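**Student:** My questions are about this predicted structure, shown below with the sequence.
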Amino acid sequence: MDFFEVLKRRHSIRAFTRATVQPQDLRAILEAANGAPSAGNLQAYEIYLVKKQEARAALAAAALGQNFIAQAPLALVFCAHPDRSATRYRERGIRLYSIQDATIACAFAMLAATALGLATVWIGAFDDNAVGHAIGAPRNLLPVAILPIGYAGEKPEATPRRRLQDLVHEV
Ligand SMILES: Cc1cc2nc3c(=O)[nH]c(=O)nc-3n(C[C@H](O)[C@H](O)[C@H](O)COP(=O)(O)O)c2cc1C
């Protein structure tokens with residue numbers, strides 16, 4: 001799929017079919033995430049791959065009862081690893097770069113999933129500690145985004161955007 005077609009086709013999907021994600025597709029998505037840029041190429045984030053039904057249900061509960069998360073056959077949880085970035089960048093690594101590293105890796109995964117005909121939704125509304133507990137992450141990781149991945153069980157809604165002239169500030 002043409003890259004701009006991928007961008008156009010990506011919409012948040014909040015209902016998933018029972019179809020599983022093919023291992024080669026999952027691999028391609030993870031490779032895409034791994035190819036994302038990061039501050040100093042430190043890749044100050046960790047990815048948790050959540051497949052077990054019980055863990056997906058725990059994630060959904062941790063995400064304030066967004067139960068469609070458990071419907072998807074898998075979810076990736078992107079966690080910032082502030083200590084890893086702090087080794088070189090100190091406070092800026094903790095406060096900014098590790099979050100950005102995790103964020104852009106998740107964005108790459110999301111677009112790769114779209115290119116493969118899969119559906120996703122970025123989940124940011126959750127209880128950090130409950131997500132950490134659900135995935136068994138050490139306490140020094142900060143969950144940044146949950147990305148359920150599967151096949152769409154609904155037609156996406158068209159979502160409006162701000163006008164470019166309001167959004168872009170030429171200086
Ligand atoms: C940082 C962030 C947090 C989000 N958190 C949630 C969430 O917790 N639950 C949800 O259903 N959608 C969440 N979304 C998805 C947005 O609602 C969605 O991207 C937006 O409404 C635009 O729709 P579209 O993705 O279909 O273009 C989040 C998106 C971002 C970027």
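**Tutor:** Structure received. As the structure is a prediction and not an experimental result, all values here were calculated from the model.

**Student:** Helices of this protein, start to end?
**Tutor:** Assigned by DSSP state H, the chain shows helices spanning 3-9, 23-34, 53-62, 68-71, 82-92, 98-115, 128-135, 164-167.

**Student:** Residue 17 is nearest to which of the ones you listed?
**Tutor:** helix 68-71 (8.5 Å; Cβ to Cβ). Bear in mind the C-beta positions are built from the backbone N, C-alpha and C, glycine included.

**Student:** just to revisit the earlier point, winner for burial among the helices of the chain?
**Tutor:** helix 98-115 (a mean of 23; mean count of other Cβ atoms under 10 Å).

**Student:** quick revisit: nearest to residue 150, out of the helices of the chain?
**Tutor:** It is, among the helices of the chain and with distance given as Cβ to Cβ, helix 68-71, at 7.3 Å.

**Student:** residues in contact with the closest one?
**Tutor:** Outside helix 68-71, the residues that touch it by Cβ atoms under 8 Å, 6 or more residues apart in numbering are 14-16, 53, 56-57, 59-60, 63, 75, 121, 123, 146, 148, 150, 153.

**Student:** follow-up on the earlier one: could you dump the helices of the chain to a markdown table with mean pLDDT?
**Tutor:** Shown next, in a markdown table, are the helices of the chain (pLDDT from 0 to 100):
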| stretch | mean pLDDT |
| --- | --- |
| helix 3-9 | 97 |
| helix 23-34 | 98 |
| helix 53-62 | 98 |
| helix 68-71 | 98 |
| helix 82-92 | 98 |
| helix 98-115 | 98 |
| helix 128-135 | 98 |
| helix 164-167 | 98 |
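
**Student:** Present these as a markdown table; the columns should include distance to residue 42.
**Tutor:** Compiled in a markdown table, the helices of the chain are given as follows (distance: least, Cβ to Cβ, whole Å):
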| stretch | distance to residue 42 |
| --- | --- |
| helix 3-9 | 27 |
| helix 23-34 | 13 |
| helix 53-62 | 26 |
| helix 68-71 | 29 |
| helix 82-92 | 6 |
| helix 98-115 | 7 |
| helix 128-135 | 21 |
| helix 164-167 | 31 |
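
**Student:** Residue 43 is nearest to which of those?
**Tutor:** Nearest to residue 43, of all the helices of the chain, is helix 98-115, at 6.2 Å by Cβ to Cβ.

**Student:** what packs against that closest one?
**Tutor:** helix 3-9, helix 23-34, strand 45-50, strand 74-80, helix 82-92, strand 119-120, strand 142-150 (3 or more Cβ pairs under 8 Å, 6 or more residues apart in numbering; DSSP states H and E).

**Student:** All set, thanks.
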